[in-house]
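Asks: Structural data only, the sequence is not supplied:
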Ligand code: ATP
Ligand code: MG
């Protein structure tokens, strides 16, 4: 999938902007606060009808203006499609092929993107909560069953928490809830395990490419419940037994103590834990590889690669890693990358790309 061109009107610090893009690699160069991230944000907005950095759409509208819009043409292997999205005080309007759609769900999904922003480093460096959110989002994208099971699990878990906090714990009720929790947990754990194996396969390859085969990445699933079962039904029973065993402790502490809501994953390079022992560049490469694995997941799902948006990734990668990243990726995936200096870009790559100098929204 390729984004051929884009037209912005009153979007952030851009009054009006028309750009034609390179099918492989596009580099946005500029000093701080000139509008590089804004431009990536506009592509993200064109794809998903929302921003990656704010939930308040009105921030996208240029100061003192009424409406912001982004138009663009996308090309897939079988079609060419104009997309258009605008936001004003009255809300959002979206058009596919010049026809206004009544629901945004009819709009989203035509242009697929994967974005890597500086915050994504937290997948490696941040808390288990950040990693669970990442897994939930990724698994949710490929499995509707996962999403609904997760939401059911959360509801039952909240109920159980309420019961545990009450003075006279109703053990019969808790037993019923534990049964439901075990059922949902076994689905969640199974899907997570499968997902992590898939993402490891893709991320491992990408990491190997970027590190010039010097590093071997593995991803480990660390489920909070240490289970032995090898099928989902057995797992359900095993979890139920474990939950029953911990009931006294849970009543004592008045909180739920075990289950997939406390799962985590860890990343390892050549055997060592990246969060604890990795250098900045290794942590960034790991986060990048894990996030870029999404490209392959989407490809498997949709049959086309999405477009890739890379914000501020070059600064912490050495020249070898940068050029391996850009050369390995751009032949498969149209890539948009921001940088503060053109010297960040390797000469060999420069022959086959477009660069755009960004200065105060121009
Ligand atoms: P850095 O290298 O620091 O990341 P950048 O080039 O990515 O910089 P952006 O975040 O794209 O910078 O742009 C920031 C600029 O956009 C700031 O000057 C900010 O004032 C301006 N800006 C943000 N929102 C709006 C808006 N709604 N209207 C006008 N200008 C805006
Ligand atoms: Mg920026």
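Replies: On my side now, so go ahead. None of these values were measured; they are calculated from a predicted model. Ligands and ions are numbered 1, 2, ... in the order given.
Asks: Could you use CA atoms for every contact and neighbour count after this?
Replies: Fine.
Asks: who does the lowest-mean-pLDDT helix or strand in the chain touch, helix- and strand-wise?
Replies: Counting by mean pLDDT, DSSP states H and E, the chain has its least confident helix or strand at helix 347-350, which shows a mean of 80. Using 3 or more C-alpha pairs under 8 Å, 6 or more residues apart in numbering; DSSP states H and E, the elements in contact with helix 347-350 are helix 319-330.
Asks: Name the residues of the helix it packs on that are buried.
Replies: Within helix 319-330, the residues that qualify as buried are 321, 322, 323, 324, 325, 326, 327, 329, 330, counting by 16 or more other C-alpha atoms under 10 Å.
Asks: Format those as a markdown table; extra columns: pLDDT and distance to residue 223.
Replies: Formatted as a markdown table, the buried residues of helix 319-330 follow (pLDDT from 0 to 100; distance: C-alpha to C-alpha, whole Å):
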| residue | pLDDT | distance to residue 223 |
| --- | --- | --- |
| 321 | 90 | 32 |
| 322 | 89 | 34 |
| 323 | 87 | 36 |
| 324 | 88 | 34 |
| 325 | 89 | 31 |
| 326 | 88 | 34 |
| 327 | 85 | 36 |
| 329 | 89 | 32 |
| 330 | 87 | 35 |
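Asks: distance of residue 331 from residue 353?
Replies: Distance check for residue 331 against residue 353: by C-alpha to C-alpha, to the nearest Å, it reads 11 Å.
Asks: Tell me the residue of the stretch 101-250 of the chain that sits nearest ligand 1?
Replies: residue 118 (9.6 Å; C-alpha to the nearest ligand atom).
Asks: what about residue 280, neighbour count?
Replies: By the criterion of other C-alpha atoms under 10 Å, residue 280 has 15 neighbours.
Asks: pretty sure it contacts residue 318?
Replies: No. Residue 280 is beyond contact range of residue 318, at 10.9 Å (criterion: C-alpha atoms under 8 Å).
Asks: isn't residue 40 right next to residue 336, touching?
Replies: Yes. With contact defined as C-alpha under 8 Å, residue 40 reaches residue 336; the gap is 7.5 Å.
Asks: list the residues that contact both of those two?
Replies: Both residue 40 and residue 336 are in contact with residue 309, where contact means C-alpha atoms under 8 Å, 6 or more residues apart in numbering.
Asks: ok now do the residue of the stretch 251-362 of the chain found nearest ligand 1, which residues does it touch?
Replies: Distance from ligand 1 to each residue of the stretch 251-362 of the chain (C-alpha to the nearest ligand atom) is smallest for residue 340, at 6.2 Å. Going by C-alpha under 8 Å, 6+ apart, residue 340 touches 29, 30, 31, 32.
Asks: What distance do you get for it to residue 28?
Replies: 8 Å.
Asks: Now do the strands in the stretch 1-150 of the chain.
Replies: 2-11, 14-20, 25-29, 67-75, 80-88, 91-96, 99-100, 113-116 (DSSP state E, counting those that start in this stretch).
Asks: Is residue 160 within a helix or a strand, and which one?
Replies: helix 144-165 (DSSP states H and E).
Asks: Return the angle between stretch directions for the next helix-or-strand element following that helix and helix 319-330.
Replies: Per DSSP H and E, helix 144-165 leads on to helix 171-210 as the next helix or strand towards the C-terminus. Per axes from the mean of the first three to the mean of the last three C-alpha atoms, to 10 degrees, the angle that helix 171-210 makes with helix 319-330 is 110 degrees.
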